[in-house]
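Colleague: quick one, fold the following:
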Amino acid sequence: MAESSHGGCVSEGIPRRQSARESAARTYARALPIVPVRARGLTIEGADGRRYLDCLSGAGTLALGHNHPVVLEAIRKVLDSGAPLHALDLATPVEDAFVAELFRTLPAGLADHARVQFCGPGDADAVAAAFKLVRAATGRTGMLAFTGARHAMTASAFDTSEEAADARVTRLPYPQDHRCPFGVGSTRGAELAARWTESPLDDPASDAARPAGMIVEAVQSEGAAIPAPDTWMRRMRQITAARSIPLIADEVHTGVGRTGAFWAVEHSGITPDVMILSKAIGGSLPLAALVYRDDLGPCDRGAPADTFRGNQLALAAGTATLTYVRENGLAERASVLGARMLCHLRDLSQRLAWVGEVRGRGLMLGVELVDPEVGLRHAEAEAGRSGAAESAAADSRPAAPELAAAVQRECLRRGLIVELSGRQASVVRLLPPLTISDEQADAVLDRLSDAVEAVARGHTSHVPTGPSGHAHHRHGDRSARVGQPAGR
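Modeller: Modelled structure (predicted):
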């Protein structure tokens, strides 16, 4: 039977041909062996007829989920109008509408003194453009970044720049509780991280003494859904402002309501000098831009640009997305629903020794898997320590990427698509669309919990026991539902 008329043949043949013809750099296809043929909202239907709840959302690109009606309508309107689909940076009504809506959403303090620059269509292009901007503005080349961050730039933004020979990146500690670099976590850990940042900046012999800029995420996304304390973000703003160092906020993953505010920097109330925007701003299509304080910009003539900047369809889809998120309060909705989901998932870390920490902000959530064979939480065995944050900071169990991969596979079996993140790919990350309903959120939580518990049961013979002598896993109604097939 022809592949086009038999779902099973299609679902097997297409991945086989992809493997034979394309490079090995197929990150998602290796872990998610499905062939999507239809999608709407949170749901993807594969060529095999199975339906999946998609908590990958195009790596955070789909703020409104798949094929949202307002996005499709905006795209069709441009197509039906006969408007040019490619206009370089010529002024068009489509571009004008996008810029107007974008400026309507910008953080207070930036919109009235900002300019926007459309660069190449990807987030790496925007990061590279931001670095060129601050280097031109300051006459310096070095950059400050933070451990655990992935700005889609490590090689491209530095190695391809004209200043690559003398560009230096200083990596600074990013505050977190679970794996605090100082072993204390909480406010004390954040304070030490801030002091560590100040030290090289005030040392004239340090390579970092005169940087061109600092780039930071208010919530590290690829770095495993780690939210920075708001007080620490304000401290970074104070440190950079006092030393005339442009502060670059990477909002590629966190923007457009994802973290419970329209832009993640709004949680701390700071105003960055530069914002890097991509992913969700294109409404599912490729689009990237910089928003920057107008006194930073050099003469616009000769500024770095790209042939495919300002794609008209992406601008239209982006305008529809920005407007829908703003008018329907989806950022606030993400804050409330995300807090509820986070509370539910934290029950896993209390019951299962394989879950090191559950964390996140808004609808960017992460569940870190750890190796339970190392022993119980270090904090439980160490006298004199108390408090959840200190216990998490003292947890010495190593990350367990193989367990995280097993959870991802079990999720897929249950019809749930999730991504792995973190340095060792040991964190199961949830990025559901902002339009997810309460009922869908419950289904996601059930399937993920079942998957984690299924993996835990497979390792029960090796799990350390707590003070009561009982293994750290739950017996209850949910385990009876493990293995239910995905919805059809």
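
Colleague: quick one: the strands in the stretch 201-350 of the chain?
Modeller: Secondary structure of the stretch 201-350 of the chain (DSSP state E, counting those that start in this stretch): strands at 213-216, 219-220, 226-227, 247-250, 274-277, 289-293.

Colleague: nearest to residue 111, of those strands?
Modeller: When those are compared for distance to residue 111 using Cβ to Cβ, the nearest one is strand 289-293, at 8.6 Å. For the C-beta atoms, the positions are set from N, CA and C on the backbone; glycine is no exception.

Colleague: could you report the neighbour count for residue 205?
Modeller: For residue 205, the count of nearby residues is 6 (other Cβ atoms under 10 Å).

Colleague: and it, how far is that from residue 194?
Modeller: Using Cβ to Cβ, to the nearest Å, one obtains 21 Å as the distance from residue 205 to residue 194.

Colleague: coming back round to it: so which of the strands of the stretch 201-350 of the chain gets nearest residue 76?
Modeller: Using Cβ to Cβ, the nearest of the strands of the stretch 201-350 of the chain to residue 76 is strand 289-293, at 23.5 Å.

Colleague: what packs against that closest one?
Modeller: strand 114-118, helix 123-138, strand 274-277 (3 or more Cβ pairs under 8 Å, 6 or more residues apart in numbering; DSSP states H and E).

Colleague: and what about the nearest residue to residue 225 once chain neighbours are set aside, helix, strand or coil?
Modeller: For residue 225, ignoring the flanking residues on the chain, the nearest one in space by Cβ to Cβ, 6 or more residues apart in numbering is residue 366 at 3.1 Å. Secondary structure assignment for residue 366 (DSSP: H, G, I helix; E, B strand; the rest coil): strand.

Colleague: which residues does residue 366 contact?
Modeller: Counting by Cβ atoms under 8 Å, 6 or more residues apart in numbering, residue 366 touches 224-226, 358-360, 421-422, 427-430.

Colleague: most neighbours of all those residues, which one?
Modeller: For the contacts of residue 366, the largest number of neighbours (other Cβ under 10 Å) sits with residue 428, at 30 neighbours.

Colleague: got the contact list for the helix or strand that contains it?
Modeller: Assigned by DSSP states H and E, residue 428 belongs to strand 427-430. Contact partners of strand 427-430, identified using Cβ under 8 Å, 6+ apart, comprise 55, 221, 224-225, 341, 360, 363-369, 404, 407-408, 411, 418-421, 444, 448, 452.

Colleague: let's see that with 7 Å instead.
Modeller: With contact meaning Cβ atoms under 7 Å, 6 or more residues apart in numbering, strand 427-430 is reached by 55, 224-225, 365-369, 404, 407-408, 418-421, 444.

Colleague: could you work out the most separated pair of those?
Modeller: Farthest pair in the contacts of strand 427-430, by Cβ to Cβ: 224 and 444, 18.6 Å.

Colleague: and residue 212, how many residues sit next to it?
Modeller: 24.

Colleague: reformat the helices and strands packed on strand 289-293 as TSV; add mean neighbour count and distance to residue 108.
Modeller: Listed next are these as TSV, based on neighbours: other Cβ atoms under 10 Å; distance: least, Cβ to Cβ, whole Å:
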stretch	mean neighbour count	distance to residue 108
strand 114-118	20	11
helix 123-138	24	21
strand 274-277	28	13
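
Colleague: what about those, which gets the closest to residue 105?
Modeller: The closest of the helices and strands packed on strand 289-293 to residue 105 is strand 274-277. By Cβ to Cβ, the value is 10.3 Å.

Colleague: same question for the closest one, mean pLDDT?
Modeller: The predicted model assigns strand 274-277 a mean pLDDT of 97.

Colleague: export that strand to PDB, keeping only CA atoms.
Modeller: Taking Å, rounded to 0.1, in the frame of the first residue of the first chain, the C-alpha atoms of strand 274-277 are listed here in PDB:
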ATOM      1  CA  VAL A 274      18.500  46.300  25.400                       C
ATOM      2  CA  MET A 275      15.900  43.500  25.000                       C
ATOM      3  CA  ILE A 276      16.500  40.600  22.600                       C
ATOM      4  CA  LEU A 277      13.200  39.300  21.200                       C
END
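
Colleague: show me what it is packed up against.
Modeller: helix 123-138, strand 247-250, strand 289-293 (3 or more Cβ pairs under 7 Å, 6 or more residues apart in numbering; DSSP states H and E).

Colleague: for the ones you listed, give me a markdown table that also has mean pLDDT.
Modeller: A markdown table is the format used below for those (pLDDT from 0 to 100):
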| stretch | mean pLDDT |
| --- | --- |
| helix 123-138 | 93 |
| strand 247-250 | 98 |
| strand 289-293 | 95 |
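
Colleague: those: which one's closest to residue 95?
Modeller: Among the helices and strands packed on strand 274-277, strand 289-293 sits nearest to residue 95 (Cβ to Cβ), with 10.7 Å.

Colleague: what does the closest one rub up against?
Modeller: Here strand 289-293 makes contact (Cβ under 7 Å, 6+ apart) with 106, 110, 113-119, 126, 129-130, 133, 273-277, 281.

Colleague: swap in 6 Å and give it another go.
Modeller: Contacts of strand 289-293 from elsewhere in the structure, counted by Cβ atoms under 6 Å, 6 or more residues apart in numbering, are 113-114, 116-118, 126, 129-130, 273-275, 277.

Colleague: could you export these as a markdown table, including distance to residue 247?
Modeller: Shown next, in a markdown table, are those (distance: Cβ to Cβ, whole Å):
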| residue | distance to residue 247 |
| --- | --- |
| 113 | 14 |
| 114 | 14 |
| 116 | 18 |
| 117 | 17 |
| 118 | 21 |
| 126 | 16 |
| 129 | 16 |
| 130 | 11 |
| 273 | 5 |
| 274 | 7 |
| 275 | 10 |
| 277 | 15 |
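
Colleague: measure residue 285 to residue 85 for me?
Modeller: Separation of residue 285 from residue 85 (Cβ to Cβ) stands at 11 Å.

Colleague: and residue 63, by the same measure?
Modeller: Applying Cβ to Cβ, the value for residue 63 to residue 85 is 23 Å.

Colleague: appreciated, that's everything.
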